[in-house]
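# this one's sequence-less:
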């Protein structure tokens with residue numbers, strides 16, 4: 001008989017992207033706690049008794065303690081602790097290995113701990129898609145000049161807004177789920193996304209052109225209610241943290257594979273993947289570095305330097 005129960009409500013479409021990770025966490029926690037912790041994994045519709053509960057409402061309930069656990073975008077968590085928005089800086093990570101060193105190490109832990117005063121605890125970082133792409137209705141982006149005047153759906157994050165504004169685009173911060181409606185209504189003609197979400201959510205039907213920019217990572221995090229966490233014996237807190245980290249690493253690997261799968265499916269359906277030349281990619285990166293400088297005081301210049309230094313650690 002379990003002593004503690006966690007209800008984890010999955011919040012982001014497509015649900016299948018996270019369900020496997022949640023089930024893995026469920027098994028790891030059950031085994032690691034010798035059955036003392038029971039994890040119930042629910043979709044937002046299951047939790048709502050047939051009516052879908054919104055992602056913001058799920059997070060509100062995790063903060064209040066009505067629910068014990070969920071996962072959400074770091075862009076959303078940045079509204080509680082704005083330093084998390086630094087993870088959306090363009091060209092912050094040079095590779096997946098570099099990202100793992102930062103996200104799973106002391107720098108990542110420092111970011112997650114910034115949520116504790118807001119009654120939630122970050123357990124680990126996940127991908128939910130990996131590197132970003134820019135889809136569009138008709139326009140191939142061969143140069144950063146092609147972004148000028150483009151109306152683009154972006155993450156709801158001041159860093160991302162600043163990047164596209166600096167390139168002459170018109171950012172429209174909005175949820176991923178809004179992309180079809182925004183496109184059909186003529187409000188946007190392009191959108192930031194990731195391969196799995198672009199393909200699995202059917203966004204290729206309204207924005208059939210894909211520009212593989214890989215300018216930043218799309219990240220999420222596993223979070224738990226802080227009061228619930230503090231109510232666990234120390235040994236079970238360790239079980240929760242260890243299970244979350246193993247789950248996150250598995251999910252990130254799966255996200256990379258999901259991206260390759262989605263990319264291949266897009267090409268098999270006749271889609272053409274557009275990329276910038278090396279020279280244009282370097283121009284894009286230089287423009288991105290200016291955004292680093294713009295936000296350096298807000299996020300801490302030394303902290304950003306430490307993230308950059310991890311790239312060399314990873315390479316070594």
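Yep, it's here. Treat the numbers as computed from the prediction; the structure is a model and nothing was measured.

# any weak-confidence spans in the chain?
Low-confidence segments of the chain (pLDDT under 70): 1, 313-316.

# for residue 72, helix, strand, or coil?
At residue 72 the chain is in strand, as set by DSSP: H, G, I helix; E, B strand; the rest coil.

# count of residues packed around it?
A count of nearby residues for residue 72, using other CB atoms under 10 Å, gives 20. Backbone N, C-alpha and C define where each C-beta goes, glycine included.

# need the helices for the chain, in chain order.
For the chain, helices defined by DSSP state H occupy the ranges 16-32, 44-47, 55-64, 74-77, 96-103, 106-113, 158-166, 179-184, 195-200, 226-230, 234-268, 278-299, 301-315.

# Find the residue at the geometric middle of this protein.
Nearest to the mean C-alpha position of the chain, counting by CA atoms, centre = their mean, stands residue 219 at 2.1 Å.

# Test my guess that it contacts residue 73.
Yes: contact status for residue 219 versus residue 73: in contact at 7.3 Å, counting by CB atoms under 8 Å.

# on that earlier part again, got the helices of the chain as a markdown table, with mean neighbour count columns?
Shown next, in a markdown table, are the helices of the chain (neighbours: other CB atoms under 10 Å):
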| stretch | mean neighbour count |
| --- | --- |
| helix 16-32 | 19 |
| helix 44-47 | 17 |
| helix 55-64 | 18 |
| helix 74-77 | 24 |
| helix 96-103 | 20 |
| helix 106-113 | 16 |
| helix 158-166 | 20 |
| helix 179-184 | 18 |
| helix 195-200 | 24 |
| helix 226-230 | 16 |
| helix 234-268 | 18 |
| helix 278-299 | 15 |
| helix 301-315 | 14 |
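
# Quick check: which of those is nearest to residue 144?
helix 278-299 (5.1 Å; CB to CB).

# could you say what helices and strands that closest one packs with?
helix 158-166 (3 or more CB pairs under 8 Å, 6 or more residues apart in numbering; DSSP states H and E).

# ok and the helix it packs on relative to helix 278-299, angle-wise?
Per axes from the mean of the first three to the mean of the last three CA atoms, to 10 degrees, the angle that helix 158-166 makes with helix 278-299 is 140 degrees.

# distance of the residue nearest to the centre of the chain from residue 276?
Using CB to CB, to the nearest Å, one gets 23 Å for the distance from residue 219 to residue 276.

# so residue 274 sits right up against residue 209, yeah?
Yes: the pair residue 274 and residue 209 qualifies as a contact (CB under 8 Å) at a distance of 6.9 Å.

# Could you name every residue contacting both of these two?
Counting by CB atoms under 8 Å, 6 or more residues apart in numbering, the common neighbours of residue 274 and residue 209 are residue 140.

# Which residues are in contact with residue 228?
Counting by CB under 8 Å, 6+ apart, residue 228 makes contact with 4, 6, 65, 68.

# Now, of those, which are buried?
With burial judged by 16 or more other CB atoms under 10 Å, the buried subset of these is 4, 6, 68.

# which one of those residues sits closest to residue 22?
Nearest to residue 22 among the buried ones among the contacts of residue 228 is residue 6, at 10.4 Å by CB to CB.

# Tell me how far that closest one lies from residue 48.
18 Å.

# what's the answer for residue 209, then?
36 Å.

# swap in residue 24?
24 Å.

# about what we covered before: neighbour-wise, which of residue 209 and residue 48 wins?
More crowded of residue 209 and residue 48, by other CB under 10 Å: residue 209, with 19 against 15.

# The more buried one: what's it in contact with?
Here residue 209 is in contact with 135, 136, 137, 138, 139, 140, 272, 274 (criterion: CB under 8 Å, 6+ apart).

# how about those in a markdown table, adding neighbour count?
Shown next, in a markdown table, are the contacts of residue 209 (neighbours: other CB under 10 Å):
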| residue | neighbour count |
| --- | --- |
| 135 | 26 |
| 136 | 21 |
| 137 | 14 |
| 138 | 9 |
| 139 | 16 |
| 140 | 15 |
| 272 | 10 |
| 274 | 18 |
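
# Return the member of these nearest to residue 289.
Nearest to residue 289 among the contacts of residue 209 is residue 274, at 23.1 Å by CB to CB.

# Now do the same contact list for the nearest residue to that closest one once chain neighbours are set aside.
With sequence-adjacent residues excluded and distances taken as CB to CB, 6 or more residues apart in numbering, residue 274 is closest to residue 140, at 4.3 Å. Contact partners of residue 140, counting by CB under 8 Å, 6+ apart, are 146, 209, 211, 274.

# Run the chain-centre distance for stretch 61-77.
Between the centre of stretch 61-77 and the centre of its chain there are 14 Å (CA atoms, centre = their mean, to the nearest Å).

# circling back to that earlier point, and the helices of the chain: which comes nearest residue 121?
Using CB to CB, the nearest of the helices of the chain to residue 121 is helix 226-230, at 4.9 Å.
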